[in-house]
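Participant: one predicted model, sequence on top.
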Amino acid sequence: MRLQFLGSGDDFGSGGRFNTCFHLERRAHGHVLIDCGASSMVAIRKWGVDPNGISTVLISHLHGDHFGGLPFFLLDAQLISRRTAPLTIAGPPGLKDRLQIVREALFAGSTAIEPKYPFEIRELALHERVEIENLAVTPYLMKHYSGAPSYALRIETEGKVLTYSGDTEWVEELIPAATGADLFICEAYFFDKVMKYHID
C-alpha cells in the first residue's frame, strides 16, 4: 500500500496547506481517504487522485477541516465523476445527522438526490473492530471537543497497520491505538506552546 498526504494543514490553511486528508492506495482493493477536510476536493484534483477509485472514507471527528469536504465529494460523485462504484463513509456517532445538516446548508436539496451508486454511512462504536471494504478499523477515544466523539483510527489492511491519532491532546488511549502499528500518524499543532485539545 501507499500513503499520500493530500493535506495536513489546520482549519485556517496555515502555511498554504490543504485541510487534513490522507489517500491510502491499496493494490487489490479500492482506495481509502482518511479524513476529508473542507479543501479536500481541491487537493484531490491538484494531486490527480481519481475520486471514483476511493471506496471508503474514514472520518476521525466532526470538525470542518476533517469532514467538511464530504458534501463536495458527494456532489462531485453525482454530477461530475458520475460514480457507479460503491462508497462507504464511516466515522463517529453523529456523523450521519451532522453530514445531512452540512450538505443541506451548503447545497440545499442535495440530500434528496438518490445516489446512482451503492452508498452507506456507518457510525463506529468505540473499541469495536469493524470490517469495511477489505480493511478493519478500530476507533479509540481522544480528547478533542467536536460535539461528538473524536477518534483515533487503527486501520488494518494488506497485512499492515496504520494508526492515525486524529486531533487530540495527550491521552493514554494513544498507546493501545498505536502499539505495534507499522506507521503512526500523530497530530501536532505547535512545537513551542501547549494548546488545549492538541498535542505539542
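Facilitator: Now that the structure is in, tell me what you want to look at. Numbering: from 1, shown residues only.

Participant: when you work out contacts or count neighbours from here on, use the C-alpha atoms and nothing else.
Facilitator: Noted.

Participant: let me see the backbone angles for the closest residue to Lys143 other than its chain neighbours.
Facilitator: With Cα to Cα, 6 or more residues apart in numbering as the criterion, Lys143 has its nearest non-adjacent residue at 4.9 Å, and that residue is Thr168. Backbone torsions of Thr168, given as degrees, to the nearest 10, read phi -170, psi 150.

Participant: doesn't Ser146 make contact with Thr168?
Facilitator: No - look at Thr168 against Ser146 with Cα atoms under 8 Å: they stay out of range, at 10.6 Å.

Participant: same drill for these two, tell me which one is more crowded.
Facilitator: Thr168 (23 against 12; other Cα atoms under 10 Å).

Participant: list the contacts for the residue nearest to Lys143?
Facilitator: Residues near Thr168 by Cα atoms under 8 Å, 6 or more residues apart in numbering: 142-144, 150, 187, 197-199.

Participant: what's the answer for Arg103, then?
Facilitator: With Cα under 8 Å, 6+ apart, Arg103 has these contacts: 71, 110-111.

Participant: could I get those residues as JSON lines with neighbour count, pLDDT and secondary structure?
Facilitator: Output for the contacts of Arg103, formatted as JSON lines (neighbours: other Cα atoms under 10 Å; pLDDT from 0 to 100; DSSP: H, G, I helix; E, B strand; the rest coil):
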{"residue": "Pro71", "neighbour count": "24", "pLDDT": "98", "secondary structure": "helix"}
{"residue": "Ser110", "neighbour count": "17", "pLDDT": "94", "secondary structure": "helix"}
{"residue": "Thr111", "neighbour count": "17", "pLDDT": "95", "secondary structure": "helix"}
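
Participant: closest one to Phe12 out of those residues, please.
Facilitator: Using Cα to Cα, Pro71 comes nearest to Phe12 of these, at 19.1 Å.

Participant: ok, the closest one - contacts?
Facilitator: Contacts of Pro71 (Cα under 8 Å, 6+ apart): 99, 102-103, 106-107.

Participant: what bridges to the residue found closest to Val137 once you drop the neighbours it is linked to in the chain?
Facilitator: Counting by Cα to Cα, 6+ apart, Ile155 is the residue found nearest to Val137 once chain neighbours are left out, at 4.5 Å. As for beta bridges, Ile155 partners with Val137, Leu162 under DSSP bridges.

Participant: check contacts around Ile155.
Facilitator: Ile155 sits next to 135-138, 161-163 when contact means Cα under 8 Å, 6+ apart.

Participant: what about Ser165, neighbour count?
Facilitator: 26.

Participant: and the pLDDT at the residue found closest to it once you drop the neighbours it is linked to in the chain?
Facilitator: Of all residues not flanking Ser165 in the chain, Ala152 sits nearest, at 4.2 Å (Cα to Cα, 6+ apart). pLDDT for Ala152: 98.

Participant: all set now, cheers.
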